[in-house]
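Asker: with the input below, show me the fold.
(one chain, ligands or ions: 1)
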Amino acid sequence: MKIAIAKEIEVGERRVALNPDTVARLVKQGLEIWVESGAGEGSFFGNDAYEAAGAKIISDTGVLWGEADVLLKVGLPKEHEIHQLREGSVLISFLNPLGNPEVIQQLANRRVTAFSMELIPRTSRAQSMDALSSQAGVAGYKAVLIAAAASPKFFPMLTTAAGTIKPAKVFVMGAGVAGLQAIATARRLGAVVEAFDIRPAVKEEVQSLGAKFVEVALEEETVATGGYAKEISEASKQRTQEVVTEHVKNADVVITTAQVPGKKAPLLVTEEMVQQMHPGSVIVDLAAEQGGNCACTEPGKDVVRNGVTIIGPINLPSSMPVHASQMYAKNISTLLQYLVKNGELQLNFEDDIVASTCVTHAGEILNQRVKEAFAVEGLKV
Ligand code: NAD
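Answerer: Model prediction:
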């Protein structure tokens, strides 16, 4: 059974699906690993390191894609890549199936068995496969470093001969995986941190990291099945804005991370709110690629409005490729080992991890949420 690691060709993608250490572990277990030449370059893993780990380096992209039994990737495959895959082969990658139904259709047409890393269930059994969490943690950490670098102020309190410096005030909006890592990082840098989320359950987690939780009493259920946030009503949005405006206004740094799966990111920081912020304040909007939590965000750009810098970073995990790849490799190899028993792929569609994650098999689209996304797009399943 050949497990192949493709070189990512998306501009700006520096991660790789397996790092050499993980390759060595899989080779020890008897798996044959092929690595496309240069696949690890962006993450500083050379061909020699993969060879030393027991992998075979493949220079011909067509051979790698066409002969792989299982192809491992980080980002969405391009159409020409999908056409190179062998019918009946397996692809495991981030596929953004709810946002890219046409790619899922191409994979089904090619009769590829595709697993989407976004759909790993958020259960304790699947925790070590949870790539959304590992990569969100990287993004939350980096967002704070970007904000600290862009801020004209220190984060920590300093008592110096030149006077006392007050600590920076950081307001984190959305306290999921990325938000919690942002809180922890900002606290480590010595900032005073406040955080807000529409899921009341995160209050204790926020407080345990040494931040203050900003409470907004909403008269509706804000949590969907699976623990994710729901899209809230206009009245609740209004209520939320009334409460958070003061906190945004007083912050030196605002980090926004709010998302609702399958929907455009909720608008949390309006233009009026930005206008009320102090010049020199910084907003880092981690939801930039999903439409942004701030009205002024432009994905991939730094925008300045009345002296406030609004940063909309794209693919932050790729900016820390060594550890992002290491963590992703752990996630994807755990799923791979779960699917492969005695050197054979064994798919039990009754198993919740397989059932949630497998989006196409034998020419069919399997996942219910993906089928619903097709219905919204008006595509045929
Ligand atoms: P996410 O990226 O979908 O959203 C980020 C945060 O934005 C969430 O905390 C969400 O509540 C918040 N949000 C949404 N709309 C908002 C609004 N209008 N205002 C303010 N905040 C808003 O979420 P995520 O970080 O991927 O994780 C979300 C859930 O998954 C959590 O319940 C988390 O505990 C759970 N989870 C569980 C496991 C596990 O059990 N293994 C692992 C990871 C995450």
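Asker: surely residue 35 meets residue 48?
Answerer: No: counting by C-beta atoms under 8 Å, residue 35 does not reach residue 48; the two are 11.1 Å apart. Placement of C-beta: from N, CA and C, glycine included.
Asker: what about those two, which has more around it?
Answerer: residue 35 (29 against 10; other C-beta atoms under 10 Å).
Asker: looks to me like the more buried one is in a strand.
Answerer: Yes: according to DSSP: H, G, I helix; E, B strand; the rest coil, residue 35 belongs to a strand.
Asker: so what's it up against?
Answerer: Going by C-beta atoms under 8 Å, 6 or more residues apart in numbering, residue 35 touches 4, 5, 18, 23, 47, 50, 55, 56, 57, 58.
Asker: ok, residue 295 next?
Answerer: By C-beta under 8 Å, 6+ apart, the residues touching residue 295 are 267, 269, 270, 271, 274.
Asker: write the PyMOL selection for whichever of those residues are buried.
Answerer: The buried residues among those can be selected in PyMOL (16 or more other C-beta atoms under 10 Å) with this line:
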select buried, resi 267+269+274
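Asker: what parts of this protein come near the ligand?
Answerer: By C-beta under 6 Å from any ligand atom, the residues of the chain that approach the ligand are 122-124, 127, 130, 132-133, 136, 173-179, 196-199, 227-229, 232, 257-261, 266, 268.
Asker: which of the residues you listed fall in strands?
Answerer: 173, 196 (DSSP state E).
Asker: contact partners for the closest residue to the ligand within the stretch 1-150 of the chain?
Answerer: Nearest residue of the stretch 1-150 of the chain to the ligand, counting by C-beta to the nearest ligand atom: residue 122, 3.6 Å away. For residue 122, the residues meeting the contact criterion (C-beta under 8 Å, 6+ apart) are 130, 132, 133, 226, 227.
Asker: repeat that with 7 Å
Answerer: With C-beta atoms under 7 Å, 6 or more residues apart in numbering as the criterion, the residues that contact residue 122 are 130, 226, 227.
Asker: distance of it from residue 29?
Answerer: Separation of residue 122 from residue 29 (C-beta to C-beta, to the nearest Å) stands at 27 Å.
Asker: before we move on, back to that, would TSV of the contacts of residue 295 with pLDDT and distance to residue 69 be doable?
Answerer: Below are the contacts of residue 295 laid out as TSV (pLDDT from 0 to 100; distance: C-beta to C-beta, whole Å):
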residue	pLDDT	distance to residue 69
267	95	45
269	97	47
270	96	51
271	97	52
274	98	51
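Asker: nearest to residue 367, of the contacts of residue 295?
Answerer: Within the set of these, residue 267 lies nearest residue 367; the separation is 28.8 Å, counting by C-beta to C-beta.
Asker: distance check, the nearest residue to that closest one once chain neighbours are set aside against residue 112.
Answerer: Here the nearest residue to residue 267 in space, its sequence neighbours aside, is residue 295; by C-beta to C-beta, 6 or more residues apart in numbering that works out to 6.1 Å. Distance of residue 295 to residue 112, computed by C-beta to C-beta: 40 Å.
Asker: can you check residue 35 too?
Answerer: Spatial separation of residue 35 from residue 112 under the definition C-beta to C-beta is 20 Å.
Asker: before we move on, what about residue 304?
Answerer: For residue 304, the distance to residue 112 under the criterion C-beta to C-beta works out to 45 Å.
Asker: which one's more surrounded, those two?
Answerer: Neighbour count, other C-beta under 10 Å: between residue 304 and residue 112, residue 112 has more, with 24 against 10.
Asker: can I get the contacts of residue 295 in CSV with distance to residue 185?
Answerer: Rendered in CSV, the data for these read as follows (distance: C-beta to C-beta, whole Å):
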residue, distance to residue 185
267, 25
269, 20
270, 26
271, 28
274, 23
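Asker: among the contacts of residue 295, which ones are in helices?
Answerer: 271, 274 (DSSP state H).
Asker: give me the pLDDT for the residue in the chain that the ligand sits nearest to.
Answerer: As assessed by C-beta to the nearest ligand atom, the ligand sits closest to residue 176 within the chain, at 2.2 Å. Per-residue pLDDT puts residue 176 at 96.
Asker: again with residue 18
Answerer: Predicted confidence (pLDDT) for residue 18: 98.
Asker: tell me, how many residues neighbour it?
Answerer: 30.
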